[in-house]
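> My questions are about this predicted structure, shown below with the sequence.
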Amino acid sequence: MSDARGHLDLQPPDERVALVERLDQYRAIAQGAIADLEWEVASAKLLPATDMTMAGIVKHLAWAEDRWFQGRLLGMRMPPPWDAPGADDPDQAMRLASGDSVPKIVELHSEACDRSRAALSLCDSLDTVAKVQSFGRGPVNLRWILVHMIDETARHAGHLDLLSDCLRVEPSKELTVPLNQAQRWPGGRGLVLETPRLLLAALLPQDQAEIYRLYASPEVARNLARLPARFTMGHALEFVNAAQAGLIGGHAYTLGVFLRDSGVFVGICALRLPAREPGLDEQERAEAAGLGILGYSVLPEHWGRGYAGESCARLVRYALEDLALSVLQASPRCDNLPSARVLLRLGFTLAEDGVEEQPLAGGPAHLVDRYVLQHRRLS
Ligand SMILES: CC(C)(COP(=O)(O)OP(=O)(O)OC[C@H]1O[C@@H](n2cnc3c(N)ncnc32)[C@H](O)[C@@H]1OP(=O)(O)O)[C@@H](O)C(=O)NCCC(=O)NCCS
């Protein structure tokens, strides 16, 4: 028996107790890893090079319990949900379905473990042989099943640990770490800033096509003064390179905005620190000290879902709290009402209206409104 604090016996009385206690310990660890998580986190793909999610792992463990104790040991039909077409499969069990939620998966696993314990109680001996053959060679015995389930559950408990560690990353620290040493996120990005629905992360060359789609979109481009006349794929790659150089140099934080759960690119959120730009003389640097210029764009198909507001709020907090900037500025065109709305909601106020700004692409000057946010407003 384990004691009240969950410590296992140091001297289990026999082999069966030792195996069952150890399995129960890892079952509890697996369930505990997701029990308090929001679904967005439990269902997020948090590590590079794997589609594993924390909820998917626990769901898969529920399947493994039923496969070995119900399907093989007792020779029973697989219980729901594994009796649906295609569901009795380890990879399928790892995938999440539309009705899944954290409580449902915890319950699924818990019920499967109860069924396994009931199956175990029917067997007097660890030598009990499974009703159904495995590996095309013959039936395994109960001893093999218990060892296998400890192996399986402990291995996945390790994965869950690793994924939980991703959630404990202190995001603000990552931004100052060189990109090649930064915490990795799917696709090898530096993990930078997090919000409930979004990740703001360093851009990579693989984002070129999405950057192109964003800035080649006339609805987006018409509102931006710093874009070339006809934005090309070549410009998109230059943009990615400049974004990486800005992060490494610490003079611009041009971050991709991605949906946490799917990794889908939704736009760009950027902060320029003119005082840190190379090539400034001392006076120019002093004049720009403490200033951050905020910019943001969202792919039109994602407009109106609060992504600009949510991503900018995080970057603004980073700018004021971590970079200790004293004033932020943004300059939407006078007729850009959604952008003005985003700024007002962030606490910016209108400082100057109808300022002329010359577009990089040439043509008539844009009329922009200058919004500012002083740090003390948030304190
Ligand atoms: C500005 C932009 C980033 C907003 O992105 P978004 O993700 O749709 O923004 P949000 O959903 O966070 O917020 C949009 C706000 O504008 C409001 N809005 C949308 N259309 C509006 C309109 N026609 N008139 C007034 N307000 C409008 C929304 O109601 C929302 O305000 P609320 O949060 O108070 O309800 C997006 O429109 C865009 O990419 N535009 C082109 C590039 C650009 O203008 N960048 C800013 C340069 S300064």
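All right, it came through fine. Numbers count the residues shown, from 1 in each chain.
> excluding its backbone neighbours, what's nearest Q358?
A365 (5.3 Å; CB to CB, 6 or more residues apart in numbering). Where you see a C-beta, it was placed from the backbone N, CA and C, and this is true even at glycine.
> The one you found: neighbour count?
A365: 11 surrounding residues under other CB atoms under 10 Å.
> contacting residues for it?
356-359 (CB atoms under 8 Å, 6 or more residues apart in numbering).
> List buried members of those residues by neighbour count.
Listed as buried from the contacts of A365 are P359; burial here means 16 or more other CB atoms under 10 Å.
> among the contacts of A365, which are within reach of the ligand?
Filtering the contacts of A365 for proximity to the ligand by CB under 6 Å from any ligand atom leaves nothing.
> Columns secondary structure and pLDDT on top of the contacts of A365, output as JSON lines?
As requested, those are exported to JSON lines (DSSP: H, G, I helix; E, B strand; the rest coil; pLDDT from 0 to 100):
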{"residue": "E356", "secondary structure": "strand", "pLDDT": "95"}
{"residue": "E357", "secondary structure": "strand", "pLDDT": "92"}
{"residue": "Q358", "secondary structure": "coil", "pLDDT": "90"}
{"residue": "P359", "secondary structure": "coil", "pLDDT": "87"}
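> Closest residue of the stretch 51-200 of the chain to the ligand?
L198 (10.3 Å; CB to the nearest ligand atom).
> measure I211 to L237 for me?
8 Å (CB to CB, to the nearest Å).
> So the two - more neighbours on which side?
I211 (26 against 16).
> tell me the contacts of that one?
203, 236, 239-240, 268.
> tell me which element whichever residue of the stretch 1-150 of the chain sits closest to the ligand is part of?
At 17.7 Å from the ligand, E40 is the closest residue in the stretch 1-150 of the chain, using CB to the nearest ligand atom. Using DSSP states H and E, E40 maps to helix 39-42.
> a strand runs through V372, doesn't it?
Yes - according to DSSP: H, G, I helix; E, B strand; the rest coil, V372 belongs to a strand.
> Could you pull out the helices in the stretch 51-200 of the chain for me?
Assigned by DSSP state H, counting those that start in this stretch, the helices in the stretch 51-200 of the chain fall at 54-65, 90-94, 102-121, 142-167, 171-174.
> Tell me which helix or strand in the chain has the weakest average pLDDT.
helix 171-174 (a mean of 38; mean pLDDT, DSSP states H and E).
> Write out the residues of the stretch 101-250 of the chain neighbouring the ligand.
Checking the stretch 101-250 of the chain against the ligand by CB under 6 Å from any ligand atom, the hits are 220, 223-224.
> from the residues you listed, which is closest to the ligand?
N223 (3.4 Å).
> which ones are touching the closest one?
Counting by CB under 8 Å, 6+ apart, N223 has contacts 297, 332-333, 336, 339.
> end-to-end on stretch 93-110?
15 Å (CA to CA, to the nearest Å).
> And stretch 30-41, by the same measure?
15 Å.
> quick one: the residue of the stretch 51-200 of the chain closest to the ligand and G309 touch, right?
No - when contacts are counted by CB atoms under 8 Å, L198 is not listed as touching G309 (10.6 Å).
> With S164 as the reference, measure out to the most centrally placed residue in the chain.
Against the mean C-alpha coordinate of the chain, by CA atoms, centre = their mean, the closest residue is R260 at 4.0 Å. As judged by CB to CB, R260 and S164 stand 15 Å apart.
> again with Y253
For Y253, the distance to S164 - CB to CB - is 27 Å.
> In terms of neighbours, single out the busier of these two.
Y253 (23 against 15).
> what's the distance between the residue of the chain most remote from its centre and R305?
Within the chain, the residue lying farthest from the chain centre (CA atoms, centre = their mean) is D124, at 46.5 Å. From D124 across to R305, the span is 59 Å (CB to CB).
> Could you pull up the residues touching A351?
329, 370-372.
> Put together a markdown table for those residues, with distance to F69 and pLDDT on each row.
A markdown table is the format used below for the contacts of A351 (distance: CB to CB, whole Å; pLDDT from 0 to 100):
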| residue | distance to F69 | pLDDT |
| --- | --- | --- |
| Q329 | 63 | 98 |
| R370 | 68 | 97 |
| Y371 | 63 | 98 |
| V372 | 65 | 97 |
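> contacts with the ligand among those residues, please.
Within the contacts of A351, nothing lies near the ligand by CB under 6 Å from any ligand atom.
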